[in-house]
Every structure is written in C-alpha cells, then in structure tokens.
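>>> no sequence on this one, just coordinates:
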C-alpha cells in the first residue's frame, strides 16, 4: 500500500527501511538491546555480533501516557529478552549488554531507567556515529539518523 501511494504521487524512493533496522544502524554497537517508544508504538531490537537478531513492532493505540508507554515497553522488553534467551540457550544475552532507549520515551529518563533496571540491564547513553550539535535531541531522531546512515 505504501509503495502504491508513492507511485500515485509520482515519487521514486531510493530506499526504505523498518524502524528497528534503522535504529540498529544508528546505535552502532556490536551488541545492543534497543527500545524505541512513541506515543502509539514500541519497536524493539536485539543486536548480537552487529546483526539485528530479533525485531518487534507493537502498536499501542491512541491516548497513551508516557507512564503507560514506559510500562508496556518494559513488559515487552522483558518478554523479548526471555524469548531470545529461550531460543538461544547456549548463548543467551549477557546482562552486561546495555539497553538503548530512543523515541519520545527517551524524554523521561528517570521513568525508563527505574523500570529497565528492574530487568537487570542498564540504560546506556546514545552516541550515534555522526557529529551532532551538543543540544541536539538525539533520542527523538535516532530513526532518522539510522535512515541517514543507510547505504543504498
């Protein structure tokens, strides 16, 4: 449907991507757990040895509060990590792998830190591989940064 819409608008995109892949590119870490929270959706990605090994997108609906998004993100993150570890019993995720929180939910660091720390993982600072102004709201634009880094 999206491609048909672009054709009707006579646009020819050079590339498209899904949020979890763009986020993995922007985070740019060998091993990472990425949790992206918006007001209506959550994207999760587990990156192992630079490969996005597990990706999920969850639609939340409308009228969610930041607290509801953070709680749901934590529940889905726990479920995703448990699934990954259950299907990779010989090589489960190390508790030393950091969680990178992006999206609107990144504006609530204390809320997210307290919820994720209950899972036994720490939240890491975002540091994309491009130069940005000091006051740039990195968390809000990580998907865009990942799209910018995509090689076509």
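In hand now; what should we look at? Note that the structure is predicted; figures quoted are calculated from it, not measured. Numbers count the residues shown, from 1 in each chain.

>>> avg pLDDT for the helix or strand hosting residue 5?
Per DSSP states H and E: residue 5 is located in helix 2-8. Averaging pLDDT along helix 2-8 yields 87.

>>> for stretch 42-59, same thing?
For stretch 42-59, the mean confidence score works out to 95.

>>> Please, where are all the strands along this structure?
Using DSSP state E, the strands of the chain run over 32-37, 41-48, 51-59, 99-102.

>>> Bridged to the closest residue to residue 24 other than its chain neighbours, which residues?
Excluding the flanking residues, the one nearest residue 24 by C-beta to C-beta, 6 or more residues apart in numbering is residue 52, at 4.6 Å. Where C-beta positions appear, they are placed from N, C-alpha and C, glycine not excepted. Beta-bridge pairing of residue 52 under DSSP bridges involves residue 47.

>>> Tell me how many other residues surround residue 52.
Residues near residue 52, counting by other C-beta atoms under 10 Å, number 17.

>>> between the strands of the chain, which gets nearest to residue 109?
Closest approach to residue 109 among the strands of the chain (C-beta to C-beta): strand 99-102, 7.6 Å.

>>> and residue 140, how far is that from residue 24?
18 Å (C-beta to C-beta, to the nearest Å).

>>> Looking only at neighbour counts, state which of the two leads.
Using other C-beta under 10 Å, the more surrounded residue of residue 140 and residue 24 is residue 24, with 22 against 14.

>>> ok so, going back, and the residue nearest to residue 24, how close does it get to residue 136?
Applying C-beta to C-beta to residue 52 and residue 136 gives a distance of 24 Å.
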